[in-house]
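>>> okay, sequence plus prediction incoming.
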Amino acid sequence: GWIILSDVKNNQLIFPGVKQIFIKFENIFTSTGLKAFGFSLYRLLISIAFSFFVSFLVMLLYIVKKWTFGFFSPIVKIMRSVPFVSFSIFVLLIFGNKSSPYIIATLVIMPIVIDGLKSGIDSIDKNLTDDLALLDIGIWKKIFQVYLPILLPNIITLVLQIFGLGFKVMVMGEYLSQTPISIGKELYNAKSYLEMDLLIAWTIVIVVITSIVEFFVNLFNNKYRNTVY
């Protein structure tokens, strides 16, 4: 489709040919391009780790006292419902272009993690949780010996799911923030200098990465279902 569109429009600046696009992959796989990719990935991993840390604390309170989630539930709903662009601009104005991508990605990822962990906890057999409540053992023992082993498949699935989404959100956050040494900044520069071939090449890389992650999510989910059933 793109080949036909490129031939019809006959404008290599806006609609570069496939060969021209593939040549630009050389720009991506240079030290500058790989460095931008590495820093974006690093920011994403930090955001994921922080999101899980906070979510585990929320779920710890939920396990101990169910009613505590009533305090966090409105916050999670607000985080999920606020338009991405609105809070991105708000965060950028407050925290600047270096910290904003971390915060933007975290605000998108965290509600998904919290909901995923809560669903996993709620799906645990009530007879098991009732028996645990009667046992005179510490909460940490219950967490590490019972809850975490049961929730492990949910946690792995969540990590895989939010990696693909988080990667796209991180790049968008970097683009809006013009964060130095980032894929978002590379995309911004490509757009500014009308290097559409480079812009498309970066887009292909992002699509390939997210597609690979989605493949592993589906593979893991299918394997887990077969194991369970």
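Cool, got the structure.
>>> show me which residues of stretch 61-69 are buried.
Using 16 or more other C-beta atoms under 10 Å as the test for burial, stretch 61-69 gives Tyr62, Ile63, Phe69. Quick note: C-beta positions are derived from backbone N, CA and C, even for glycine.
>>> nearest residue to the middle of this protein?
Central residue of the chain (C-alpha atoms, centre = their mean): Gly166, 1.8 Å from the mean position.
>>> so what's that residue up against?
Contacts of Gly166 were listed using C-beta atoms under 8 Å, 6 or more residues apart in numbering, and they are Leu44, Ser47, Ile48, Ala105, Val108, Ile109.
>>> check it and give its pLDDT.
At Gly166, the predicted lDDT confidence score is 90.
>>> make residue 1 into 17 and carry on from there
That works, and once the first residue is 17, the last one we named lands at Gly182.
>>> and it, what element?
Gly182 belongs to helix 164-193 when assigned by DSSP states H and E.
>>> report the inter-axis angle for the helix or strand following that helix versus helix 164-193.
Scanning forward in sequence from helix 164-193 by DSSP H and E, the next helix or strand is helix 199-208. With axes from the mean of the first three to the mean of the last three C-alpha atoms, to 10 degrees defining the directions, helix 199-208 sits at 30 degrees from helix 164-193.
>>> what comes up buried for helix 199-208?
Neighbour-count burial for helix 199-208 [16+ other C-beta under 10 Å]: Ile199, Gly200, Lys201, Glu202, Leu203, Tyr204, Ala206.
>>> quick one: name whatever helix or strand follows the helix or strand of the chain with the lowest mean pLDDT.
Within the chain, no helix or strand scores below helix 18-25, which has a mean of 50 by mean pLDDT, DSSP states H and E. Once helix 18-25 ends, the next helix or strand along the chain (criterion: DSSP H and E) is helix 34-39.
>>> going by neighbour count, list what's buried in that following helix.
So for helix 34-39, counting by 16+ other C-beta under 10 Å, buried means Gln36, Ile37.
>>> just the mean pLDDT for it, thanks.
Here the average pLDDT along helix 34-39 is 75.
>>> packing partners of the lengthiest helix in the chain?
The residue-count maximum for a helix in the chain (DSSP state H) belongs to helix 100-138. Under the contact criterion of 3 or more C-beta pairs under 8 Å, 6 or more residues apart in numbering; DSSP states H and E, helix 100-138 touches helix 47-80, helix 85-97, helix 164-193.
>>> and the second one, what does it pack onto?
This points to helix 85-97. helix 47-80, helix 100-138.
>>> ok, which of those comes nearest Lys158?
With distances scored as C-beta to C-beta, the stretch of the helices and strands packed on helix 85-97 nearest to Lys158 is helix 47-80 (7.7 Å).
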